[in-house]
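J.: structure of the sequence below:
(chains A and B)
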There are 2 protein chains.
Amino acid sequence: MSGLSEIARGLSAPQGFVVASQAVATPDAIRLVGGVPAAEALPVREFARASAELWQDPAAAIASLQYSAPHGFPGLRAWIANREGVDPDRIVITNGGMHGLTLAVLTLVERDATVAVDDPVFPGFLWALEVATKRVLPVPLDADGLDVEHLARRLAAGERIAAVYTVPDFHNPAQVCLSADRRRALVELADRYGFHVIVDDPYRELRFAGRDQGVRAFHDSDRAVHINTFTKTLGPGWRVGWMVLPGHLVDPVIRLRNRLDVHTGSVTQALVERVVTSDDTWFDGLVRDAAAIYRERAGVLVDALHEHLPGAFEIRAPEGGLFLWARLTDDRLDPADLFRRAAARGVLYQPGQFFAADPDNSSSDRFLRFAYSDRSPDELREAVRRLASAFRSG
Amino acid sequence: MSGLSEIARGLSAPQGFVVASQAVATPDAIRLVGGVPAAEALPVREFARASAELWQDPAAAIASLQYSAPHGFPGLRAWIANREGVDPDRIVITNGGMHGLTLAVLTLVERDATVAVDDPVFPGFLWALEVATKRVLPVPLDADGLDVEHLARRLAAGERIAAVYTVPDFHNPAQVCLSADRRRALVELADRYGFHVIVDDPYRELRFAGRDQGVRAFHDSDRAVHINTFTKTLGPGWRVGWMVLPGHLVDPVIRLRNRLDVHTGSVTQALVERVVTSDDTWFDGLVRDAAAIYRERAGVLVDALHEHLPGAFEIRAPEGGLFLWARLTDDRLDPADLFRRAAARGVLYQPGQFFAADPDNSSSDRFLRFAYSDRSPDELREAVRRLASAFRSG
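T.: Presented below is the predicted three-dimensional model:
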């Protein structure tokens, strides 16, 4: 049976980590795998209260069962706009961060165009990008995030791109933040060469050390699409996020999103709007409490690695987000072999190779990504003990 | 500022009815405009109870805040599969009917391919179709739905299509149902010529007279994608629907939907699953009660038209769904002029021209579509009185 469209034919099958790991992991394996919020950090009680209020208010309940505007609930957009420091007209509510990425790709990336991406890169973006293209220009990261100078040299040498994709805050997988200077340089480059900047910022709220590098450079640019989500703060299950769009892109994005699924669910938006607007300080408090949980877990993980595997990794203490990106110091170690031994001993992480933007030419395979967010301190310590046992068994 | 993709450039702006009407309608206008469920037909109490249960169950609450599978909640898929009489593996949960249509279009329709469509047609499908193509082959409808023989002649004459789109039950706007014979003939034609059938069936549950023509022909075909939604029964605000896919299309659709927005919201699915599975007979009862409301309203509308505008329209009494498709009997009447006069007197409907698949060659402009679902009997009677006044003022 044939008859699939070019777009459908271009979408690769699920691959890599999950399938491979399930074949070898022990049943009691500790999974340091996904950027999943800690259950303890999710506001169940507040949603219970908001739900009770909503269903007891006949007018609000009926409204939440009916159609709503494609841009999203006005009160929710206004609340987000106020936090972002932009006009509410520039906010479009999405079904989560991935939805924002795909809306940006379908709107901005011509078929088979080239898109510059972080290397290492969040592989979910490469999958989303396949709806338009598989041509990527990997741009290396350093301690200050995407190497904008490297990109500038490639552009000066004649390379042409439709867009650049980067995670500027607590990069997945590489932890780093894009410096304020580079944020400005990146949008200047976008102006000069006429490409768009797709800014994927789901971890921005989860800072527990260091200094915020700001998003003003993105918001001031006609070339930057800034994508965020409630996934890491209110929970992935809501599938609610937002885009901060330059004015000229609001209509094109709305035209597309209206065709894809009309609007984000009204009940969902009614509940999310209620919890975030219930009290001016509530969301900041939620995020502060969540960040405290992740700070503790990051600290436990780093300390345990230093204690049980001294010198085995080059590590930077995370300043926020959900991931530790650790480089193997022993160049003779086979990372695939280590991964198999670790899985057999009951600990799973994401091998760095999974994040290589250019699989043929990447140093990512010398890294391990540990997601510490949804594991307790005790589980993290036990995971590292198991990993140490895997190292010794080599 | 340029830089939009070909897809984005191909999406037409919102147009037609709404904009035109808002310019002239009176503030107290009665709107017989949208296929919107009656507030009285929506199960607020049941969702209130399901919500209370969900948030009081800590494990279920946390699970509903986390990621879930791209295919949808297993219990919800199983319940739908049982009603549809298919294997649960063939069910994919969507964000409503439009989402199903766009997933089908992006998966099955090659760029700039031709798609055969009902004429008159649900214009939302033409808008969705623009993500792939604007080339349509209009196929007329008669009392038995899409004229499959007409399509067969066009195909025999050399016309080639990627897909055919039809609303088989209580057609929007034309009320009619596709006969069982034509359902079989359509999928046979699809086999012979190698196209897909996109079956859009949101009104199927809302039958209050006549005999169901069945969906087995679609479910037995490798060529048919059957799309339905809870929009008209549980409410549009949920944005939850489903596709019944032939086995070979499940993976391609999942690959695309996973990229577009990962999965339908978990809280949303948890609540919808709870209400529909709470009791084996509950959903049937809900639908029966809703159909009774729509039967009454359809009857009131038809009776009022006969009483106040005898002979002005050719009318068939609806057997289900949300719309009356009434043909003007006086060929000298200017429908645009009538529409303006009606709006000025405080009644709005959708001019038939809005639904023409081929605006240059259509009899749709001789029709008016009245949506009776979300107006009370008193409002419907008053609307017809105003319409009669508009006729007299011509």
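J.: following the helix or strand that contains A:Arg45, which helix or strand comes up?
T.: Using DSSP states H and E, the element containing A:Arg45 is helix A:44-56. Counting by DSSP H and E, the next helix or strand C-terminal to helix A:44-56 is helix A:58-65.
J.: just to revisit the earlier point, tell me what the helix holding A:Arg45 is packed against?
T.: Other elements packing on helix A:44-56 under the criterion 3 or more C-beta pairs under 8 Å, 6 or more residues apart in numbering or on different chains; DSSP states H and E are helix A:58-65, helix A:266-277, helix B:44-56, helix B:58-65. In short, each C-beta sits where N, CA and C put it, glycine included.
J.: doesn't A:Val117 belong to a strand?
T.: Yes. Assessed by DSSP: H, G, I helix; E, B strand; the rest coil, A:Val117 belongs to a strand.
J.: now do the same contact list for it.
T.: Neighbouring residues of A:Val117 by C-beta atoms under 8 Å, 6 or more residues apart in numbering or on different chains: A:Phe125, A:Leu126, A:Leu129, A:Val136, A:Leu137, A:Pro138, A:Val139, A:Val164, A:Tyr165, A:Thr166, A:Ala357.
J.: mind checking which of the residues you listed are in strands?
T.: Judged by DSSP state E, the contacts of A:Val117 include A:Val136, A:Leu137, A:Pro138, A:Val139, A:Val164, A:Tyr165, A:Thr166 as members of strands.
J.: excluding covalently adjacent residues, which one is nearest to A:Asn258?
T.: Nearest non-adjacent residue to A:Asn258, counting by C-beta to C-beta, 6 or more residues apart in numbering or on different chains: A:Pro70, 4.3 Å away.
J.: typed the wrong thing, it's A:Pro58
T.: Excluding its sequence neighbours, the residue lying closest to A:Pro58 (C-beta to C-beta, 6+ apart) is B:Val44, at 7.1 Å.
J.: can you classify A:Ile93 by secondary structure?
T.: Classified using three-state DSSP, A:Ile93 is strand.
J.: contacting residues for it?
T.: The contact partners of A:Ile93, by C-beta under 8 Å, 6+ apart, come to A:His71, A:Gly72, A:Phe73, A:Leu76, A:Arg77, A:Val240, A:Gly241, A:Trp242, A:His263, A:Thr264, A:Gln269.
J.: mind doing that once more with 6 Å?
T.: The contact partners of A:Ile93, taken as C-beta atoms under 6 Å, 6 or more residues apart in numbering or on different chains, are A:Gly72, A:Trp242, A:Thr264.
J.: which one of those is nearest B:Tyr203?
T.: A:Thr264 (24.0 Å; C-beta to C-beta).
J.: and the pLDDT for the closest one?
T.: Predicted confidence (pLDDT) for A:Thr264: 97.
J.: ok, it to B:Asp200 distance?
T.: Distance, A:Thr264 to B:Asp200, by C-beta to C-beta, to the nearest Å: 22 Å.
J.: what do you get for A:Tyr67?
T.: Using C-beta to C-beta, we find A:Tyr67 at a distance of 17 Å from B:Asp200.
J.: more neighbours, these two?
T.: Neighbours of A:Tyr67 and B:Asp200, each counted by other C-beta atoms under 10 Å in any protein chain shown, are more numerous for B:Asp200; the result is 28 against 19.
J.: bridging residues for the more buried one?
T.: B:Ile227 (DSSP bridges).
J.: what residues are up against A:Phe125?
T.: A:Phe125 touches A:Leu101, A:Tyr165, counting by C-beta under 6 Å, 6+ apart.
J.: burial check on A:Asn280, number of neighbours?
T.: No Asn there; residue A:280 is Asp. Using other C-beta under 10 Å, the number of residues around A:Asp280 comes to 10.
J.: which SS class is it?
T.: Judged by three-state DSSP, the three-state class of A:Asp280 is coil.
J.: what about the helix or strand encompassing A:Arg184, distance to the chain center?
T.: A:Arg184 is part of helix A:180-193, with elements assigned from DSSP H and E. Distance, stretch centre to chain centre, for helix A:180-193: 21 Å (C-alpha atoms, centre = their mean, to the nearest Å).
J.: what do you get for stretch A:111-126?
T.: Centroid separation for stretch A:111-126 versus its chain: 13 Å, with C-alpha atoms, centre = their mean.
J.: now do it, average pLDDT.
T.: Per-residue pLDDT over stretch A:111-126 has a mean of 97.
J.: again, but for stretch A:46-53
T.: 97.
J.: quick one on the thing from earlier: who touches the residue nearest to A:Asn258 in this structure?
T.: By C-beta under 6 Å, 6+ apart, the neighbours of A:Pro70 are A:Ile254, A:Arg257, A:Asn258, A:His263.
J.: A:Ala13 too?
T.: For A:Ala13, no contacting residues are found, by C-beta under 6 Å, 6+ apart.
J.: change it to 8 Å
T.: A:Ala13 is in contact with B:Asp251, B:Arg255, counting by C-beta under 8 Å, 6+ apart.
J.: so it belongs to a helix, correct?
T.: No. A:Ala13: not assigned to a helix; according to three-state DSSP it is coil.
J.: mind checking how far it is from A:Glu130?
T.: Separation of A:Ala13 from A:Glu130 (C-beta to C-beta) stands at 11 Å.
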